[in-house]
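A.B. asks: No letters, just coordinates:
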Ligand SMILES: N[C@@H]1[C@@H](O)[C@H](O)[C@@H](COP(=O)(O)O)O[C@@H]1O
């Protein structure tokens, strides 16, 4: 794992934007895996700005991690809607190359279809991940099988409660989601995790330095050969080896600059 600690959330988001832009410059036909959540919003703003400056998405394929069961793409809280509003509608990507699991219909069928689509067009070159406060990736909540494929998952009580504020009074909050599985995610050639703010500090520590355990699904990333964890100072606060990562990064970025 390469752990990159930057001063502010804006610095961390900019770093991730650059990594994605670099991936697209290197291979304009890249397959990207993308994520939702508040943490990702500045990344997508950055990518739109890069697009306006000439970065093309015309040949890119995108697979998103997850979708709430029961919400169609027109629902303002669906992840399909999120991606359209925050990225797809603002860049030159072909609609037929943007994949988000379907929240409509039979979840098991949606999950199977999604796995088949990834198998057909993948593997994912660069997978972007956020981190849940409980260590989830996608909607693989604690207790998820580390060998799981795309499937319907029950959201944890805390996740459902945290989401309630986004829904109208009396409106049902989704209790399940179709999410890429942990094994599916780990088939990406490279993975970038972005986590910022003090709320994420303990999940960051469990992901980077804790045991590999289903209690912190993100900890499986310790087994992947190409993972970069990009965090701000607050999210890094609980790391035991924080100073070591800072030193390693200084050396590595000096080497990168020379290369
Ligand atoms: N399914 C998504 C995750 O993919 C995301 O990482 C997480 C963190 O969201 P935020 O960035 O808003 O903290 O939110 C949801 O649970």
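C.D. replies: Great, that's in hand. A quick note: this is a predicted structure, and the numbers were derived from the prediction, not measured.
A.B. asks: Next one: the closest residue to the ligand within the stretch 101-250 of the chain from residue 12, what distance?
C.D. replies: For the stretch 101-250 of the chain, the residue closest to the ligand is residue 130, as judged by Cβ to the nearest ligand atom, at 2.4 Å. Using the backbone N, CA and C atoms, a C-beta is placed for each residue, glycine as well. Per Cβ to Cβ, to the nearest Å, residue 130 is found 12 Å from residue 12.
A.B. asks: overlap in contacts of those two?
C.D. replies: Here residue 130 and residue 12 have residue 194 as joint contacts, going by Cβ atoms under 8 Å, 6 or more residues apart in numbering.
A.B. asks: Excluding sequence neighbours, find me the nearest residue to the residue of the stretch 101-250 of the chain closest to the ligand.
C.D. replies: residue 37 (4.3 Å; Cβ to Cβ, 6 or more residues apart in numbering).
A.B. asks: Quick check, pLDDT for that neighbour.
C.D. replies: The model reports residue 37 with a pLDDT of 94.
A.B. asks: Tell me the spacing between the residue of the stretch 101-250 of the chain closest to the ligand and residue 11.
C.D. replies: From residue 130 to residue 11 the distance is 17 Å (Cβ to Cβ).
A.B. asks: the more surrounded of residue 130 and residue 12?
C.D. replies: Neighbours were counted for residue 130 and for residue 12 using other Cβ atoms under 10 Å; residue 12 has more, 27 against 21.
A.B. asks: Now that one: which helix or strand?
C.D. replies: helix 9-26 (DSSP states H and E).
A.B. asks: Now do that helix: which elements does it pack against?
C.D. replies: Helices and strands touching helix 9-26, as assessed by 3 or more Cβ pairs under 8 Å, 6 or more residues apart in numbering; DSSP states H and E, comprise strand 2-6, helix 41-52, strand 126-129, strand 190-195, strand 227-232.
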